[in-house]
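Participant: pasting the sequence and the predicted model now:
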Amino acid sequence: MNKLFTFLVLIGLPLSIIGSIFHWSAVIMFIVYCLTIIALAGFIGRATESLAIVLGPRAGGLLNATFGNAVELIISIFSLKAGFIGIVLASLTGSVLGNLLLVGGLSFFVGGLKYKRQSFNIYEARHNAGLLMFAVIVAFVIPEVFTHTMSEQDTMVLSVGISIVLILLYLAALLFKFVTHRGVYQADNTQGEAAHAEEPEWGKMKAIVILAIATVAVAYVSEHLVSTFDVVGATFGWSELFIGVIIVAIVGNAAEHASAVIMAYKNKMDVAVEIAVGSTLQVAMFVLPILVLLSLLFPTSMPLVFTWPELISMVTAVLLMITLSNDGDSNWFDGLVLISAYIIMGIGFYFI
């Protein structure tokens, strides 16, 4: 897999540059851009995995989620600039669904095929459950209920207020987890010990340099990827909702997808769950609010208002993940349930 990612980067980056200069077919370039971003995300995942071994499962999972979401944040910023508000909101919906159902499901499924039963920190699971309920059900559903009686300006003011609250609560959650209550809710430390015993693929400085270069390359390719959305949507009959929920979300979260499944296969479920659930929380409580605030700088502002299919899908994904993970235990059948839910929702979004 690493050799494949290296090959795709060595081929994809030059083709991305040449194709954008000579204006090759938008459909062909869409495929090239997507494959290149996925390959670059693989390097981001490998670099963050190396740093995770040094920093431990909790910090490593957060780091992996952060740099994984950096890809999606970059794509979303360029989409905002181009006026694709629907695609940005849909991609963030897809990120929530993808992380909880696809990444979480594949992690439980692949890990469960090798180990009959896998455990992770039950206290972390319960803490994350409360935050997921707040971020998706309270902060996303409530605005949709109130905005029916509001003007566009009032809706935007409400969206900005909610975004600020979400960012502050997310920062408070990090303070709680890494400072005030660090080590208080400790379950089984064997995974952490195993991580420290494992040798990282790259040294700290090399990993940081690769992270920086890969992120810059992703920014360049993402800007050109956004320019192909109109043509690709018209060619394949894809709606903005489907492009955002499925295509952009999968491409933008490729690093997390690979890393979480690899961690689960190695029986490092604390890291796998932190990537899947922690990434969802970061998208809902930090990335999305940041995009709402940044949209004020562009001609078209983005209110924190989703469609009902998006809201119902996200609420369902949250409740399903909480139900299956709240006991701190997983198996392959739990993973299959999550993957099945993702497939059903994907079919539904395709036909909207």
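Facilitator: Arrived safely, thanks for sending. Residues are numbered from 1 along each chain as shown.
Participant: which secondary element of the chain has the worst mean pLDDT?
Facilitator: Sorting the helices and strands of the chain by mean pLDDT, DSSP states H and E puts helix 190-197 at the bottom, at a mean of 49.
Participant: list the buried residues for the helix or strand just after that one?
Facilitator: Later in the chain than helix 190-197, the nearest helix or strand by DSSP states H and E is helix 204-226. Within helix 204-226, the residues that count as buried by 16 or more other C-beta atoms under 10 Å are 207, 210-211, 214-215, 217-226. Where C-beta positions appear, they are placed from N, C-alpha and C, glycine not excepted.
Participant: try stretch 158-166
Facilitator: 158, 159, 160, 162, 163, 166.
Participant: using CSV, lay out those residues together with secondary structure, distance to residue 9 and pLDDT.
Facilitator: Below are those laid out as CSV (DSSP: H, G, I helix; E, B strand; the rest coil; distance: C-beta to C-beta, whole Å; pLDDT from 0 to 100):
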residue, secondary structure, distance to residue 9, pLDDT
158, helix, 43, 91
159, helix, 37, 91
160, helix, 38, 93
162, helix, 39, 92
163, helix, 35, 93
166, helix, 34, 93
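Participant: quick one: low-confidence parts of the protein?
Facilitator: 1, 55-61, 64-65, 68, 183-198, 252-256 (pLDDT under 70).
Participant: would you list every one of the strands in it?
Facilitator: Ranges of strands within the chain are 118-119, 329-330, based on DSSP state E.
Participant: picking that back up, which of the buried residues of stretch 158-166 lies closest to residue 296?
Facilitator: Using C-beta to C-beta, residue 160 comes nearest to residue 296 of those, at 7.5 Å.
Participant: and the gap between that closest one and residue 167?
Facilitator: Going from residue 160 to residue 167 by C-beta to C-beta, to the nearest Å gives 11 Å.
Participant: buried sites along the lengthiest helix in the chain?
Facilitator: Longest helix of the chain, by residue count under DSSP state H: helix 26-55. Buried residues in helix 26-55, defined by neighbour count with 16+ other C-beta under 10 Å: 26, 29-30, 32-53, 55.
Participant: with stretch 11-22 instead?
Facilitator: 12, 13, 15, 16, 19, 20.
Participant: neighbours of the nearest residue to residue 98 once chain neighbours are set aside, how many?
Facilitator: Distance criterion C-beta to C-beta, 6 or more residues apart in numbering; nearest residue to residue 98, sequence neighbours excluded, is residue 249 at 4.7 Å. Residue 249: 25 surrounding residues under other C-beta atoms under 10 Å.
Participant: tell me how far residue 249 lies from residue 136.
Facilitator: Taken as C-beta to C-beta, the span from residue 249 to residue 136 is 15 Å.
Participant: and residue 324, by the same measure?
Facilitator: From residue 324 to residue 136 the distance is 16 Å (C-beta to C-beta).
Participant: between the two, which is the more surrounded one?
Facilitator: Neighbours per residue, other C-beta under 10 Å: of residue 324 and residue 136, the larger number sits with residue 136, 25 against 21.
Participant: hang on, the more buried one packs against residue 315?
Facilitator: Yes: with contact defined as C-beta atoms under 8 Å, residue 136 reaches residue 315; the gap is 6.1 Å.
Participant: show me where the stretch 151-300 of the chain has helices.
Facilitator: 152-175, 190-197, 204-226, 229-236, 240-242, 249-252, 254-265, 269-282, 288-294 (DSSP state H, counting those that start in this stretch).
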